[in-house]
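# what follows is a predicted structure for the sequence shown.
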There are 2 protein chains.
Amino acid sequence: MTETVHETTDIRLREEGQRYTGQRRELVELLANEGPLSIPEVLRGRGGLKQSSVYRNLAVLEHAGVVRRVVTEGEFARFELTEELTQHHHHLICSTCGRVEDVTVPSDLEGTLDRTLDRLARRAGFADVDHRLDLIGTCGDCA
Amino acid sequence: MTETVHETTDIRLREEGQRYTGQRRELVELLANEGPLSIPEVLRGRGGLKQSSVYRNLAVLEHAGVVRRVVTEGEFARFELTEELTQHHHHLICSTCGRVEDVTVPSDLEGTLDRTLDRLARRAGFADVDHRLDLIGTCGDCA
DNA sequence: CTTCCTGCAAAAGTTTTGCATTAAC
DNA sequence: GTTAATGCAAAACTTTTGCAGGAAG
């Protein structure tokens, strides 16, 4: 399953004339296993990675459509694999420690949401609307 | 209606031993009229305001529960009045120009959302969950 | 007259970039 | 052998802070 992710990444990068190097593979592997991570978390997660290369490689992967920037309340940017490589999901964010977990909502609610929001957005003159739904609360550890 | 906002702000600030100065009033007025604004937008919006004072005053207002930081994809932080002073709402974000508009969803959907998400979050060990729902698309001007 | 606010300039902290070296194809 | 990726150090950029002067109560 994560093998598919690597294959897709490889293809996407080649399409842009870029190489799927060991470091990039490590990044993708990390994000596939541990979800949305900030740069400090990435650096802690894998010893050898260098900060500037991590930023650069995440930018490359973002441009290739493999990774996306997640906006959170914290001071650092977070990155995750795009939904094409995983699945549509949402975030459970701890407002105390900043930790982020993935969560999916029941598909009937997801469907209702999609239809309703699309209608709303059109009415406001917006097109091609996607939604971002995050839950902010206090996680078990911080309670 | 915006008079109520000013009164509430005044009270909140006094409770913290702070003053509702002209500059703070201007900030609140701006946010009340134009929704979520970034610092550059604020500085452009009103000539005389100084950057460091704006940051400082927004921090004060945030601490007083009058203003909250909105996280967006852009490079600057955005600020808006808290929902206690306005009403529960969501954001319509243009992924091209970064503009942010307020939008409300039908209250039945809002209710369903609230109940379902609360259940989900509890199951994951999270408490006191609030949700943040944003719509990202292309606005009329950028289409 | 005491306390808080403002503005300037400098600092802090995150992210980006230039350049020489190393690795991939 | 050619083109791209890496690491280091320095730069850029947003946000925060120290300090002296000014305003508010």
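Looks like it arrived, so ask away. Numbering: from 1, shown residues only, chains lettered A, B, ... in the order given.

# going by C-alpha atoms from here, please, whenever you check contacts or count neighbours.
Will do.

# chain A: strands as residue ranges?
With DSSP state E as the criterion, chain A has strands at A:37-38, A:67-70, A:78-81, A:90-94, A:100-103, A:127-138.

# hmm, the first one touching chain B?
Read it as strand A:37-38. No: shown here: strand A:37-38 not in contact with chain B (CA under 8 Å from any CA of the partner chain), separated by at least 15.0 Å.

# list the helices and strands that strand packs on?
Secondary structure elements in contact with strand A:37-38, counted by 3 or more CA pairs under 8 Å, 6 or more residues apart in numbering or on different chains; DSSP states H and E, are strand A:78-81.

# contacting residues around the strand it packs on?
Contacts of strand A:78-81 from elsewhere in the structure, counted by CA atoms under 8 Å, 6 or more residues apart in numbering or on different chains, are A:28, A:31-32, A:35-39, A:58, A:66-72.

# ok, now which ones touch the residue lying farthest from the centre of chain A?
With distances taken as CA atoms, centre = their mean, the residue sitting farthest from the centre of chain A turns out to be A:Arg123, at 28.9 Å. By CA under 8 Å, 6+ apart, A:Arg123 lies in contact with nothing.

# and the residue of chain A that's closest to DNA strand D?
Distances between chain A and DNA strand D by CA to the nearest atom of the strand are smallest at A:Gln18, namely 3.6 Å.

# excluding chain neighbours, what is closest to the most centrally placed residue in chain A?
Chain A has A:Glu80 as the residue nearest its centroid, 2.2 Å off, counting by CA atoms, centre = their mean. Closest residue in space to A:Glu80, ignoring its immediate chain neighbours: A:Pro36 at 4.5 Å, by CA to CA, 6 or more residues apart in numbering or on different chains.

# cool, and A:Leu120?
Spatial nearest neighbour of A:Leu120, chain neighbours left out: B:Val105 (7.6 Å); criterion: CA to CA, 6+ apart.

# what residues does the one you found make contact with?
Counting by CA under 8 Å, 6+ apart, B:Val105 makes contact with A:Leu117, A:Leu120, B:His89, B:His90.

# show the buried residues in the residues you listed.
Among those, those classed as buried by neighbour count (16 or more other CA atoms under 10 Å in any protein chain shown) are A:Leu117, A:Leu120, B:His90.

# what about the closest residue to A:Arg25 other than its chain neighbours, neighbour count?
The shortest distance from A:Arg25 to any residue that is not its chain neighbour, by CA to CA, 6+ apart, is 7.2 Å, and that residue is A:His6. Here the count is done by other CA atoms under 10 Å in any protein chain shown, and A:His6 has 19 residues near it.

# tell me the confidence at A:His6?
A:His6 carries a pLDDT value of 95.

# kindly report the same for the one 4 residues further on.
The model reports A:Asp10 with a pLDDT of 95.

# likewise the one 3 residues further on?
What the model reports for A:Leu13 is a pLDDT of 94.

# A:Ala64 is in contact with that one, correct?
Yes: in terms of CA atoms under 8 Å, A:Leu13 counts as a neighbour of A:Ala64; the distance is 6.1 Å.

# since that was my last question, I'll sign off now.
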